[in-house]
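> Sequence plus the predicted model coming up.
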Number of protein chains: 2
Amino acid sequence: MLRTAICDLFGIEHPIIQGGMAHLGTAELVSAVSNAGGLGIIGAGYYQPDWVRQQIHLTRELTDRPFGINLPLTSPYADEVIAIILEEKVSVVTTGVGDPTAFVPALRELGMKVMPVVAGVRPAQRLEEAGVDAIVAEGMESGGHIGETTTMALVPQVVDSVSIPVIAAGGIADGRGLAAALALGAQGVQIGTRFACSEESVAHPRYKQKVLEAHDRSTVITGRTTSLPLRSLKNSLTEQFLALEESGVSSEELSMFGEGRMHLGLIDGDVDDGSLLAGQIAGMIHEIKPVRIIIEEMVAEAEAVIARLRSLQTGG
Amino acid sequence: MLRTAICDLFGIEHPIIQGGMAHLGTAELVSAVSNAGGLGIIGAGYYQPDWVRQQIHLTRELTDRPFGINLPLTSPYADEVIAIILEEKVSVVTTGVGDPTAFVPALRELGMKVMPVVAGVRPAQRLEEAGVDAIVAEGMESGGHIGETTTMALVPQVVDSVSIPVIAAGGIADGRGLAAALALGAQGVQIGTRFACSEESVAHPRYKQKVLEAHDRSTVITGRTTSLPLRSLKNSLTEQFLALEESGVSSEELSMFGEGRMHLGLIDGDVDDGSLLAGQIAGMIHEIKPVRIIIEEMVAEAEAVIARLRSLQTGG
């Protein structure tokens, strides 16, 4: 067992949080992660409020452990989903795109924990001042929407800049990554791609197969010319998107071209024209496993790594 | 003390290697690192053979410990410098740009160790087959010429793909980074920016000052449209360079525009029009210290980190 400050903060066994991936953070995955002692997180994405409420209820049927919800504040339903979260009192709320400052007091007053995802030191400091409980520092090796700084460089700089617990995200797929994140000063890890390829994930089998086939250079960043760069597996879609960007089409055209692509790739399994979000650790995933095994192996490996590190120390 | 396989391989005390930076990997820095128990590395850059031989001799006057030399195989003097290295029998030879395969047998036959720097799994595997002794896996958070994969994602994938020792480079500035790299499976670290800002580094004081003032978002990648992307601190030069790239000028024009910029920035201290190579950890460097102190603090902090990791383990 490895216990850190976030185990106590969230009431969980292992310092392992599932990234609140849109389309994949459904009750199936969320409850599996929470039941295995981690923190599952519903991905509200741009889903309608009814769907979000249903997922919260469904998750509660499948687990009595704490879980969270991720809400991108760019969702057209952001206000209604916030209202549902306040009503349902979900344990932990994480946010990515957008500034959650306005919602922090109301959420915390009801006992919920707020943990925004950031890609830089300054937003982390600003959000600590706004009263959030913890920060996810996400490196640019992550799948999905990303910043520019890598986990290795970002995490210690965020840790040095705030006094609340910091969770590392990006580039973590096994116990070595967990131990490395803790070494950098993080109190835990947030994991996306590894859980997207779990047995319980509702991702299409063809998406999972593509991740299994990936190597270290299989991902690419699209949308660098926009305000929302995105990492996914290279495919026909990313080639088309990059060509469009290079041709200088308007951001409206790009946005229309990208419409619905994530659902198409992740859920419908169109691995050519759909978006196959994945982090740079896709090349480390060789098997689809149940969430419980993933978490147990990750913790056991991290403990073995710590023992190995200790054995490197000599009397000097 | 922390001892790993590369301590024995290179005959050094600490698993800490100084990146063979062109212009900054001079006898002053190299001997300071080797005298402090790490492995100093001369940066041959595109310097003339006479200068390289002089630096080898000068380093030998300043230390009787092992040191290395880095040779970019794109140097116009590559063959002559290789001849000097063979003659002088420098302990360790590292290479970045270019394929060193042809030189490996001759170097190893004379007892020298060869340790190429790679940014991906496939070149690491190819070079292991070519008979090299170790591999530096360099993440894209590094300063200077970079690949695309980050240290956190790259190191474990390279470790899993080869059986020779792997050294982590990129994003490492302190004992947390050293401990994290060892956790990822590396046998040591290669450090650039932190040593570039040491007391012994011949970098211009204005360059060092710019690194001290940097924060987590101060670096930028130029040359993405070329085959040699480069990370450095944002300044007037990088703005001009990016504008030229966007305007679609030829690679010859870009190359001419970039000519001599590294010497101008690092040595002459022109912080506006010179290139200020630095990694994403520039924001973690707050003081110019002697090399010996940097290394001692790094090792002591890594040991403290390992003790802290151990204290997270509970009976379960």
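Thanks, I have it. Just so you know, these numbers come straight off a predicted model, no measurement behind them. Numbering: from 1, shown residues only, chains lettered A, B, ... in the order given.
> Which strands or helices does the helix or strand of chain A at the bottom of the mean pLDDT ranking pack on?
When the helices and strands of chain A are scored by mean pLDDT, DSSP states H and E, helix A:251-258 comes last with a mean of 93. Packed against helix A:251-258 by the contact rule (3 or more Cβ pairs under 8 Å, 6 or more residues apart in numbering or on different chains; DSSP states H and E) you find helix A:236-247. Quick note: C-beta positions are derived from backbone N, CA and C, even for glycine.
> related to what we said a few turns ago, roughly how far out does the least confident helix or strand of chain A sit from the chain middle?
In this view, helix A:251-258 has its centroid 24 Å away from the chain centroid, taken as Cα atoms, centre = their mean, to the nearest Å.
> cool, and stretch A:27-40?
Offset of stretch A:27-40 from its chain centre (Cα atoms, centre = their mean): 13 Å.
> count of neighbours near the residue lying closest to residue A:161 once chain neighbours are set aside?
Sequence neighbours aside, residue A:121 is the residue nearest to residue A:161 in space, at 4.8 Å (criterion: Cβ to Cβ, 6 or more residues apart in numbering or on different chains). Neighbours of residue A:121 under the rule other Cβ atoms under 10 Å in any protein chain shown: 21.
> if we can go back for a sec, who touches the helix or strand just after the least confident helix or strand of chain A?
Using DSSP states H and E, the helix or strand that follows helix A:251-258 in sequence is helix A:261-262. Helix A:261-262 is contacted from outside by A:22-23, A:237, A:273-275, A:277, using Cβ atoms under 8 Å, 6 or more residues apart in numbering or on different chains.
> Just checking the distance from helix A:261-262 to the centre of its chain.
Averaging C-alpha positions (Cα atoms, centre = their mean) puts helix A:261-262 17 Å from its chain's average.
> go on, stretch A:45-60?
Computed by Cα atoms, centre = their mean, the separation of stretch A:45-60 from the middle of its chain amounts to 18 Å.
> Give me the buried positions along that stretch.
Residues of stretch A:45-60 classed as buried by neighbour count (16 or more other Cβ atoms under 10 Å in any protein chain shown): A:45-47, A:49, A:52-53, A:55-56, A:59.
> ok, longest helix in chain A?
The longest helix of chain A (DSSP state H) is helix A:291-311.
> What is the distance between that one and the centre of its chain?
Relative to its chain's centre, helix A:291-311 lies at 21 Å (Cα atoms, centre = their mean).
> Go through that helix and flag the buried ones.
Neighbour-count burial for helix A:291-311, with 16+ other Cβ under 10 Å as criterion, is recorded at A:291-292, A:294-295, A:298-299, A:301-303, A:305-306, A:309.
> In CSV: those, plus pLDDT and distance to residue A:192.
What follows is the buried residues of helix A:291-311, written out as CSV (pLDDT from 0 to 100; distance: Cβ to Cβ, whole Å):
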residue, pLDDT, distance to residue A:192
A:291, 98, 13
A:292, 98, 18
A:294, 98, 12
A:295, 98, 14
A:298, 98, 14
A:299, 98, 18
A:301, 98, 18
A:302, 98, 18
A:303, 97, 23
A:305, 98, 21
A:306, 97, 24
A:309, 97, 26
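> restrict those to those near chain B?
Checking those against chain B by Cβ under 8 Å from any Cβ of the partner chain, the ones in range are A:303, A:305-306, A:309.
> picking up where we left off before, pick the one among the contacts of helix A:261-262 closest to chain B.
residue A:277 (15.0 Å; Cβ to the nearest Cβ).
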